[in-house]
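1. can't give you the sequence, but here's the structure:
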C-alpha cells in the first residue's frame, strides 16, 4: 500500500486516476484497470500486446516440450550411441581413434584440417560419463522450462543452439587441441539468458542466478573442465536474450525475421570456432 501521495502519478490512459503502479516494460504509470499481470510484472495494454502473456492457468499448464526433447536427445545419444558404439580413445600420438564419440566431439585439428565443422554443434550432445550427463541434464531440467516459457519454443531452441555454438568457439579459443564434449556451454547460455531477462525486467543485479553462474564459473577452473566453453556459451546466451528481449524488430516480427537474426549469431559462433580451431 502506498501511503505517500507524492509517490502517486496519474494513469497515462486515465489522467483523473492516481496510481502507484508502473508498467514493468515502458515505465508508464497505469491504474488497476489498465494493468495486466504477466510473469515479469504489471504491463500496460500496449506492452501486453507486444508480448504473449501467460496467465496463471496457462503457466501451470504450459509444458516445456523443447526442454524435455533436448534432455531426451542427450540421453538417447549417451545410452544408445555412446555406450553402444564408443570405445575408442586418444591414441599415443594424439590422433583420434575411431569411435562414435570421437567422430563427433569438439577437436580443433579435426575442424581445421579435416573441415569437420559439424563438431561445433554435435559436441554439445555428447557426454563423458553418467555423472557428466546427469549433472547437465538436471541443470537443464531445472532452468530450461522457465526460459522456454518466457521466450516461446522457437526462440528458446534457437537461443540454446546459438549458445552451444558460442560455447564451442570459447572452448576452441582456449584449448583448441583438447577434445571437448558436453552440453554445459548451451546450459550456461540458458543461465545467461535468464540473468539478462531478469535484469531487463527490473531486478536488481542478477539475483540468485548470478550467484549460480559465479559458483559454476569458479568450479570450471578445475582441471578437465572447459571454462572457455562455459564462458562462450554464457556470452552467446546473454547476447541472444538481450536481442530477443530488447529489440523491437525481434519482439514484433514474424518468426522468419527472428530466425534470420539468430542465424546471424549462429554464423558468428561458427566462424569464430573455425578460426580458433586453426590456432
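-> It's in. Only a predicted model underlies this, so the values are computations on that prediction, with no experimental measurement involved. Numbers count the residues shown, from 1 in each chain.

2. could you pull out the helices for the stretch 101-250 of the chain?
-> With DSSP state H, counting those that start in this stretch as the criterion, the stretch 101-250 of the chain has helices at 108-112, 119-122, 130-151, 153-174, 184-200, 207-219, 227-246, 248-251.

3. what's the closest of these to residue 34?
-> When these are compared by C-beta to C-beta, helix 248-251 sits nearest residue 34, at 20.2 Å. C-betas here are computed from N, CA, C, even on glycine.

4. got the angle for the helix or strand just after that closest one vs helix 227-246?
-> Downstream of helix 248-251, the next assigned helix or strand under DSSP states H and E is helix 255-277. Here helix 255-277 points in a direction 160 degrees away from that of helix 227-246 (axes from the mean of the first three to the mean of the last three C-alpha atoms, to 10 degrees).

5. Counting by contacts, list what helix 255-277 packs against.
-> helix 108-112, helix 119-122, helix 153-174, helix 227-246, helix 248-251 (3 or more C-beta pairs under 8 Å, 6 or more residues apart in numbering; DSSP states H and E).

6. if we can go back for a sec, now the helices of the stretch 101-250 of the chain in a markdown table, with distance to residue 34?
-> Shown next, in a markdown table, are the helices of the stretch 101-250 of the chain (distance: least, C-beta to C-beta, whole Å):
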| stretch | distance to residue 34 |
| --- | --- |
| helix 108-112 | 54 |
| helix 119-122 | 45 |
| helix 130-151 | 23 |
| helix 153-174 | 27 |
| helix 184-200 | 21 |
| helix 207-219 | 28 |
| helix 227-246 | 22 |
| helix 248-251 | 20 |
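
7. Can you pull out the low-pLDDT segments for the stretch 51-200 of the chain?
-> 51-61, 83-98 (pLDDT under 70).

8. try it again with 90
-> Counting by pLDDT under 90, the stretch 51-200 of the chain has low-confidence residues at 51-63, 79-102, 128-129, 146, 149-153, 195-200.

9. domain parsing for the chain?
-> 5-57, 63-277 (automatic domain parsing).

10. For the last one, measure first residue to last.
-> In other words, domain 63-277. 38 Å (C-alpha to C-alpha, to the nearest Å).

11. so how far is it off the chain centroid?
-> 8 Å (C-alpha atoms, centre = their mean, to the nearest Å).

12. that older thread, among the domains of the chain, show me which one is buried the most.
-> Comparing the domains of the chain by mean neighbour count (mean count of other C-beta atoms under 10 Å), domain 63-277 comes out on top with a mean of 19.

13. ok, back up a step: residue 13: which of the helices of the stretch 101-250 of the chain is closest?
-> Closest among the helices of the stretch 101-250 of the chain, using C-beta to C-beta: helix 248-251, at 21.2 Å.

14. in the chain, which residue is closest to the centre?
-> In the chain, the centroid-proximal residue (C-alpha atoms, centre = their mean) is residue 190; its distance is 2.7 Å.

15. these two touch, right, that one and residue 162?
-> No - the pair residue 190 / residue 162 is not scored as a contact, 11.1 Å apart, by C-beta atoms under 8 Å.

16. Can you tell me the closest non-neighbouring residue to residue 200?
-> Spatially, and ignoring its direct neighbours in sequence, residue 200 is nearest to residue 245 (5.1 Å; C-beta to C-beta, 6 or more residues apart in numbering).

17. Just want to check the distance between residue 179 and residue 217.
-> 22 Å (C-beta to C-beta, to the nearest Å).

18. Ok, residue 164 next?
-> 18 Å.

19. got it, and residue 158?
-> 24 Å.

20. coming back round to it: and the pLDDT at the residue nearest to residue 200?
-> Residue 245 carries a pLDDT value of 78.

21. cool, residue 206 as well?
-> Note for residue 206: predicted pLDDT of 52.

22. Tell me which of the helices of the stretch 101-250 of the chain lies nearest to residue 29.
-> Closest to residue 29 of the helices of the stretch 101-250 of the chain, according to C-beta to C-beta: helix 184-200, at 19.7 Å.

23. okay, the angle between that closest one and helix 255-277?
-> 130 degrees.

24. Now do helix 184-200 and helix 130-151, the angle between them.
-> Using the same axes, to 10 degrees, helix 184-200 lies at 30 degrees relative to helix 130-151.

25. residue contacts, residue 219?
-> Residues near residue 219 by C-beta atoms under 8 Å, 6 or more residues apart in numbering: residue 225.

26. how close does it sit to residue 270?
-> 28 Å.
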